[in-house]
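**Q** here are the coordinates; sequence isn't available:
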């Protein structure tokens, strides 16, 4: 398949996508440092991580559909602005409460930006939806893993405040680059409302469930991975490397994963990926050497590079014309709600049951949601909502 030339605004959109990922993720390699500095419990780890997901859920449900009303670029710029504000709040925080508030602001930034950007990407695509979504997903995750690397490198010499300000500067640069660029407007649908009605479509339900399956471990990782690897004796630099080893193959392979989905069908590719991710997630709890976790993160990054673009394509292909932003927002909302639930639960599970049970529960959850997604296969040919 020949990919058409990239339209105007494509590269600024990619750079802005990376910058908001950087601002959203820097906190995850600093959680144990923040905990040691301010003295909150393991439950506080989940509270910080989970609040970002919960606020994102609300934003994705209530605000994301405005991308289908001609406001996609405005939402993207607003998201970048909130990322800058949240970074400043993180840098000025001195208690668990203020850290939670800062995480909520940063979480809201992503819920404004991500569905609007994907709606624009879908509009740019012609027969290669999964490939373009895969490229954007790869850049998004590249930013997401760069944030922890920056945090790990800067926290030692400069403390916990400077990494947040540096990553907020990336979001500010992304907003400046995007401000003057022309981007294509997604088609405006006839219905302008909260997107829950799209769940009546089996194809959309299947895609949402598959996206949730792939996202499910993230809540556990975000809340406890820094603490888990620190307890195993890992340094901040090695923890940063764990994030990096997950993100590099994803960034490099996500567009190829999207091409696989375009060629062989997104459901088939996504299901294969989840069936491999599930046991790998469960196995993490048995590790005692941090370096092995880093190596396995490389493998999971490759698997997610197959699965995430495929799940996004399932949703894009199942949504009616003019509802792309709402559909992608609905998918993100489902993932955020699940991420909030798992993040809030992760701290207590880690403390009282230990990593083996916690990661085992995460792996079982991946399998369950993937099978639920596949169960919609027979009904995925239902007519679209007009």
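**A** Perfect, I can see it now. This structure is a prediction, so every number in the text was calculated from the model and none was measured.
**Q** now the helices for the stretch 201-350 of the chain?
**A** Secondary structure of the stretch 201-350 of the chain (DSSP state H, counting those that start in this stretch): helices located at 202-231, 236-264, 266-284, 290-318, 324-352.
**Q** how much space is there between the residue nearest to residue 309 when sequence neighbours are not counted and residue 128?
**A** Spatial nearest neighbour of residue 309, chain neighbours left out: residue 134 (3.2 Å); criterion: C-beta to C-beta, 6 or more residues apart in numbering. Heads up, the C-betas are built off the backbone N, CA and C, glycines and all. In this view, residue 134 and residue 128 are 9 Å apart by C-beta to C-beta, to the nearest Å.
**Q** now swap in residue 21 and tell me
**A** Going from residue 21 to residue 128 by C-beta to C-beta gives 23 Å.
**Q** When those two are compared, which one has more neighbours?
**A** More neighbours surround residue 21 than the other of residue 21 and residue 128, with 28 against 20 (other C-beta atoms under 10 Å).
**Q** so what secondary structure elements neighbour the strand or helix carrying the more buried one?
**A** Assessed by DSSP states H and E, residue 21 sits inside helix 10-25. With contacts taken as 3 or more C-beta pairs under 8 Å, 6 or more residues apart in numbering; DSSP states H and E, helix 10-25 sits against helix 72-92, helix 96-124, helix 129-158, helix 161-179.
**Q** quick check: angle from the helix or strand following that helix to helix 96-124?
**A** For helix 10-25, the following helix or strand on the C-terminal side (DSSP H and E) is helix 31-38. Relative orientation of helix 31-38 and helix 96-124, computed by axes from the mean of the first three to the mean of the last three C-alpha atoms, to 10 degrees: 160 degrees.
**Q** Outside of helix 31-38 itself, list whatever touches it.
**A** 27, 40, 42, 44-45, 48-49, 94-96, 99, 155, 160, 223, 226-227, 230, 236 (C-beta atoms under 8 Å, 6 or more residues apart in numbering).
**Q** Helix, strand, or coil at residue 40?
**A** Three-state call for residue 40 (DSSP: H, G, I helix; E, B strand; the rest coil): coil.
**Q** gap between the residue lying closest to it once chain neighbours are set aside and residue 220?
**A** Leaving aside its sequence neighbours, residue 40 sits nearest to residue 96 (C-beta to C-beta, 6+ apart; 4.4 Å). Relative to residue 220, residue 96 is positioned 20 Å away (C-beta to C-beta).
**Q** Between those two, point out the one with more neighbours.
**A** The neighbour comparison of residue 96 against residue 220 (other C-beta under 10 Å) goes to residue 220, with 30 against 19.
**Q** Quick one: residues contacting that one.
**A** So residue 220 contacts 342, 343, 346, 358, 359, 362 (C-beta under 8 Å, 6+ apart).
**Q** how about those residues in CSV, adding neighbour count?
**A** What follows is the contacts of residue 220, written out as CSV (neighbours: other C-beta atoms under 10 Å):
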residue, neighbour count
342, 28
343, 26
346, 29
358, 25
359, 26
362, 24
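**Q** okay, among these, which ones form the most distant pair?
**A** Across the contacts of residue 220, the longest distance by C-beta to C-beta is 14.1 Å; it joins 343 and 359.
**Q** so where is this structure shaky, pLDDT-wise?
**A** 1-5, 7-8, 125-127, 188-195, 325, 377-386 (pLDDT under 70).
**Q** Buried residues in stretch 25-38, which are they?
**A** Buried residues in stretch 25-38, counting neighbours by 16 or more other C-beta atoms under 10 Å, are found at 25, 26, 27, 28, 29, 30, 31, 32, 33, 34, 35.
**Q** residues touching the residue nearest to the fifth one when sequence neighbours are not counted, list them.
**A** Nearest-residue entry for residue 29: residue 148, 3.6 Å, with adjacent residues in sequence omitted and distances by C-beta to C-beta, 6+ apart. The neighbourhood of residue 148, defined by C-beta under 8 Å, 6+ apart, consists of 25, 26, 28, 29, 239, 240, 243, 244.
**Q** how many neighbours does residue 71 have?
**A** Using other C-beta under 10 Å, residue 71 is surrounded by 18 other residues.
**Q** try residue 101
**A** Residues near residue 101, counting by other C-beta under 10 Å: 17.
**Q** Report the separation between it and residue 357.
**A** According to C-beta to C-beta, residue 101 and residue 357 sit 31 Å apart.
**Q** Compare the helices and strands packed on helix 10-25 and give me the one nearest residue 319.
**A** Using C-beta to C-beta, these put helix 96-124 closest to residue 319, at 8.7 Å.
**Q** packing partners for the closest one?
**A** helix 10-25, helix 31-38, helix 42-62, helix 72-92, helix 129-158, helix 290-318, helix 324-352.
**Q** Return the residue spatially closest to residue 211, with its sequence-adjacent residues excluded.
**A** For residue 211, the spatially nearest residue (C-beta to C-beta, 6+ apart) is residue 311, at 4.2 Å.
**Q** Same question for residue 206.
**A** residue 376 (3.6 Å).
**Q** need the contact list for the one you found.
**A** Counting by C-beta under 8 Å, 6+ apart, residue 376 touches 202, 203, 205, 206, 209.
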